[in-house]
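Chemist: from the sequence below, what's the structure:
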Amino acid sequence: MQSPICWRPTSSSTPRSHREYGSRARTRSQHLHRDIFAVLEDLDTTEPLSLGDTRSFTFSAHVRGVELEAVVLARFNEQGQIVELKILGRPLPGLATLFTALPPRVSARRRGRLTGALVAFLTRPFGFVLRTADRLTPRFL
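Modeler: Below is the predicted model of the structure:
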């Protein structure tokens, strides 16, 4: 299902270049959503809250068995298009695991398996460092 919130539908009066861009953007958005939902396990969301032009909801999930919680804040313009999007996540091990799982998948889809493998190789140490820092930091406080 395509949500009118994510993009503005094109019409026949729209110049050809704008129609093509809208179609490409929609396809990229759909692929990105598939990638995101492929790495999030046991996804649980709350009912959205709204005030004026702002909407928010929370979700919890697991990424490779590591817990992740997040709050999504979105602000919309008069046409229903997203003009600002903030995603605040915690705890650090969950974010680190998401960072090591999602970019390689997106890179492999957009640039090929070799690029995806390279991104996985480069992000793995970063995730390890963040997870380790999260475990060791309390000992120094």
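
Chemist: give me every residue that touches Pro93.
Modeler: The contact partners of Pro93, by CB atoms under 8 Å, 6 or more residues apart in numbering, come to Val66, Glu67, Leu130, Arg131, Asp134, Arg135. For the C-beta atoms, the positions are set from N, CA and C on the backbone; glycine is no exception.

Chemist: what do you get if the cut-off is 7 Å, keeping everything else the same?
Modeler: Pro93 makes contact with Val66, Arg131, Asp134 under the criterion CB atoms under 7 Å, 6 or more residues apart in numbering.

Chemist: how about Gly94?
Modeler: Residues in contact with Gly94, defined by CB under 7 Å, 6+ apart, are Val63, Val66, Glu67, Leu68.

Chemist: in a helix, Ala101, correct?
Modeler: Yes. Counting by DSSP: H, G, I helix; E, B strand; the rest coil, Ala101 is part of a helix.

Chemist: CA atoms only for the one helix or strand in the chain whose mean pLDDT sits lowest - export them in PDB, please.
Modeler: Comparing every helix and strand of the chain by mean pLDDT, DSSP states H and E singles out helix 16-39 as the least confident one, with a mean of 72. Listed in PDB are the C-alpha atoms of helix 16-39, where the atom choice follows Å, rounded to 0.1, in the frame of the first residue of the first chain:
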ATOM      1  CA  ARG A  16       7.800  14.600 -17.300                       C
ATOM      2  CA  SER A  17      11.000  15.000 -15.300                       C
ATOM      3  CA  HIS A  18       9.000  15.600 -12.100                       C
ATOM      4  CA  ARG A  19       6.800  12.500 -12.700                       C
ATOM      5  CA  GLU A  20       9.900  10.400 -13.200                       C
ATOM      6  CA  TYR A  21      11.600  11.800 -10.100                       C
ATOM      7  CA  GLY A  22       8.400  11.100  -8.100                       C
ATOM      8  CA  SER A  23       8.300   7.500  -9.300                       C
ATOM      9  CA  ARG A  24      12.000   6.900  -8.500                       C
ATOM     10  CA  ALA A  25      11.700   8.500  -5.100                       C
ATOM     11  CA  ARG A  26       8.700   6.300  -4.400                       C
ATOM     12  CA  THR A  27      10.500   3.200  -5.500                       C
ATOM     13  CA  ARG A  28      13.600   4.000  -3.400                       C
ATOM     14  CA  SER A  29      11.400   4.700  -0.400                       C
ATOM     15  CA  GLN A  30       9.600   1.400  -0.800                       C
ATOM     16  CA  HIS A  31      13.000  -0.500  -1.100                       C
ATOM     17  CA  LEU A  32      14.300   1.400   2.000                       C
ATOM     18  CA  HIS A  33      11.200   0.400   4.000                       C
ATOM     19  CA  ARG A  34      11.700  -3.200   3.000                       C
ATOM     20  CA  ASP A  35      15.300  -3.100   4.100                       C
ATOM     21  CA  ILE A  36      14.400  -1.500   7.500                       C
ATOM     22  CA  PHE A  37      11.600  -4.000   8.200                       C
ATOM     23  CA  ALA A  38      13.800  -6.900   7.200                       C
ATOM     24  CA  VAL A  39      16.400  -6.100   9.900                       C
END
